[in-house]
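1. below is the sequence, then the predicted model.
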Amino acid sequence: MNRDIYQEPLVSRYTSPEMQELFSERFKFTTWRRCWIALAEAQHELGLKMVTQEMIDELKAHAEDIDFEVAAAKEKEIRHDVMAHVYAYGLQCPKAEAIIHLGATSQFVVCNTDLIIQKKALQLIKKTLINTIANLSSFCREYKDLATLGFTHYQPAQPTTVGKRNTLYIQDLLMDLEYIEALEQQVKARGAKGTVGTQATFLELFQGDHAKVRELDRLVSEKLGFATVFAVTGQTYPRKLDMKT
């Protein structure tokens, strides 16, 4: 099995290599490890003494070399993908094993990773869309004076030009571009919200210090490449965003 690309029969026919890599197991699980590293770093920077720099360095040293077989075997045993990968990561990082996923719920890695993938996928689509608009624009200018027959209700109507006809497609694509750019502003991090969004586990770790827990949420999100974070969540980020996407 090739773990470097998303596996599905129609993928090779219709999607780009970049999109295949983005939805691959390797990208997903290395991003889970990025989330765990970001969480440990933020906890350490905010003074949580049980998380040391030595532990963080160990986590970083093994961020990419995932043992997929160990994780798969553990998942088959315990029926839980996130904890199987916590286990596999812990075997590689014995010093940091106890603090991997500290205070977090499974959706900490699942949701933040999904949001990172969606954000990058939208960027890929937007780049391709802009290139398509640019190519069509050149085509329209080249053929702006080339006459063709326009149709209405599937019947021949009046003359128009090839260039003008194709500006209809550009206009549609510009509407798509505007929608994607508006949607991008709504893609935020889930952040570090605890099990059901109450942040109770993190409040316990930081001995009731609400300011540090809020800063943990912001800092983790920033480390994962997000400028903003959802102010409130349940277990998951708002599914309203999925509907819009």
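-> Ah, there it is.
2. help me confirm that residue 159 is found in a strand?
-> Yes. Looking at residue 159 with DSSP: H, G, I helix; E, B strand; the rest coil, it is inside a strand.
3. excluding its backbone neighbours, what's nearest it?
-> Distance criterion CB to CB, 6 or more residues apart in numbering; nearest residue to residue 159, sequence neighbours excluded, is residue 147 at 5.4 Å. Any C-beta I mention is one placed from the backbone N, CA and C, and that applies to glycine too.
4. per-residue confidence for that neighbour?
-> Residue 147 is assigned a predicted lDDT (pLDDT) of 98.
5. hang on, it packs against residue 163?
-> No. The criterion here is CB atoms under 8 Å, and residue 147 misses it with residue 163 at 10.2 Å.
6. so in the protein, which helix runs the longest?
-> Taking DSSP state H as the assignment, the helix of the chain that covers the most residues is helix 106-142.
7. adjacent strands (with direction) for whichever helix or strand comes after it?
-> Moving toward the C-terminus from helix 106-142, the first helix or strand encountered (DSSP states H and E) is strand 147-152. Within its sheet, and counting by DSSP bridges, strand 147-152 is paired with strand 155-161 (antiparallel).
8. could you give the mean pLDDT of the strand or helix carrying residue 29?
-> The secondary structure element spanning residue 29 is helix 25-45 (assigned by DSSP H and E). Averaging pLDDT along helix 25-45 yields 98.
9. can you give me how far the next helix or strand after that helix is from the chain middle?
-> On the C-terminal side of helix 25-45, the nearest following helix or strand under DSSP H and E is helix 53-61. Distance, stretch centre to chain centre, for helix 53-61: 24 Å (CA atoms, centre = their mean, to the nearest Å).
10. just the CA trace of helix 53-61, in PDB.
-> Below are the C-alpha coordinates for helix 53-61, written out as PDB (Å, rounded to 0.1, in the frame of the first residue of the first chain):
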ATOM      1  CA  GLN A  53      12.700  21.000  26.400                       C
ATOM      2  CA  GLU A  54      14.400  17.600  26.200                       C
ATOM      3  CA  MET A  55      11.000  15.900  25.700                       C
ATOM      4  CA  ILE A  56      10.100  18.400  22.900                       C
ATOM      5  CA  ASP A  57      13.500  17.900  21.200                       C
ATOM      6  CA  GLU A  58      12.800  14.100  21.200                       C
ATOM      7  CA  LEU A  59       9.300  14.600  19.700                       C
ATOM      8  CA  LYS A  60      10.800  16.800  17.000                       C
ATOM      9  CA  ALA A  61      13.500  14.300  16.200                       C
END
